[in-house]
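Asks: task: produce atomic coordinates for the following.
(chains A and B)
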Amino acid sequence: GESVGLHLPTLSVQEGDNSIINCAYSNSASDYFIWYKQESGKGPQFIIDIRSNMDKRQGQRVTVLLNKTVKHLSLQIAATQPGDSAVYFCAERAGNTPLVFGKGTRLSVIA
Amino acid sequence: DGGITQSPKYLFRKEGQNVTLSCEQNLNHDAMYWYRQDPGQGLRLIYYSQIVNDFQKGDIAEGYSVSREKKESFPLTVTSAQKNPTAFYLCASSTSTAQETQYFGPGTRLLVL
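Replies: Below is the predicted model of the structure:
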């Protein structure tokens, strides 16, 4: 498949370990945040979202943490699997404006 | 089978030619978006439309045009004025309500001959 990001930060983790992907955002007015997963040659796939009135939200094997004080967002993936290998993007939104995307992090799972 | 469809998957453009990328959604979403993705970069907003017959420029609108004549459709034209059109183009849609997710189509890769 084709690469969606040739010079992205890369996180390499052993299969079965937990992964933490971090994201800093800049707009203090942002009130909605999303994590997307993008596999090579495909469109971004929604993973989990969080609103600004929350600090933590859990899904299946994933947790998103929001620290509004330092404008930081993280995605935790439990028991990382080879199928989790992809590029992960955070995105922020203020009100009803379009999402603004971060540059992405490539997650590489070592079997 | 609901979702967002983009066609074609690959598109080739000759120098000086305008090409149009299709985006259709059957999610009954009011808002639609076009993004461009280059290697090593995130998604950059080209145009968006929050309602039929209305659209707004994004961060990199130069060399592109759109129309929104129907709620379901938001075609993007890459004009000859866009000098570096080679990229992966992604269409998305969402409800018009704040704090709601944008869902993406599978993308169209545009290549210049």
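Asks: how distant is stretch A:25-42 from the center of its chain?
Replies: Between the centre of stretch A:25-42 and the centre of its host chain there is 7 Å, according to C-alpha atoms, centre = their mean, to the nearest Å.
Asks: distance of the most centrally placed residue in chain B relative to residue B:97?
Replies: Among the residues of chain B, residue B:34 comes closest to the average C-alpha position under C-alpha atoms, centre = their mean, at 3.0 Å. Residue B:34 sits 20 Å away from residue B:97, going by C-beta to C-beta, to the nearest Å. For every residue, glycine as well, the C-beta is placed using N, CA and C.
Asks: about what we covered before: quick check: closest non-adjacent residue to the residue nearest to the centre of chain B.
Replies: The shortest distance from residue B:34 to any residue other than its chain neighbours is 4.3 Å, reached at residue B:46 (C-beta to C-beta, 6 or more residues apart in numbering or on different chains).
Asks: what's near enough to touch that neighbour?
Replies: Listed by C-beta atoms under 8 Å, 6 or more residues apart in numbering or on different chains, the contact set of residue B:46 reads B:34, B:35, B:36, B:58, B:59, B:60, B:61, B:64, B:66, B:76, B:89.
Asks: residues in contact with the fifth one?
Replies: Put plainly, it is residue B:59. Residues in contact with residue B:59, defined by C-beta under 8 Å, 6+ apart, are B:44, B:45, B:46.
Asks: so where do the strands sit in chain A?
Replies: Under the criterion DSSP state E, chain A contains strands at A:10-14, A:19-24, A:32-38, A:45-51, A:56-58, A:62-67, A:72-77, A:86-93, A:100-101, A:105-110.
Asks: these: lowest mean pLDDT?
Replies: For the strands of chain A, the stretch scoring lowest in mean pLDDT is strand A:100-101; its value is a mean of 91.
Asks: need the residues of chain B near chain A, please.
Replies: For chain B, the residues in contact with chain A (C-beta under 8 Å from any C-beta of the partner chain) are B:4, B:6, B:33, B:35, B:37, B:39-45, B:48, B:50, B:58, B:88, B:90, B:96-107, B:109.
Asks: who in chain A is up against chain B?
Replies: Counting by C-beta under 8 Å from any C-beta, the positions of chain A adjacent to chain B are A:2-8, A:31-32, A:34, A:36, A:41-46, A:49, A:51, A:89, A:91, A:93, A:95-96, A:98-104.
Asks: contact partners for the spatially most central residue of chain A?
Replies: By C-alpha atoms, centre = their mean, the mean C-alpha position of chain A lies nearest to residue A:35, the distance being 4.0 Å. If a contact means C-beta under 8 Å, 6+ apart, then residue A:35 has A:21, A:47, A:48, A:49, A:62, A:64, A:73, A:75, A:88, A:89, A:90, A:91 as its contacts.
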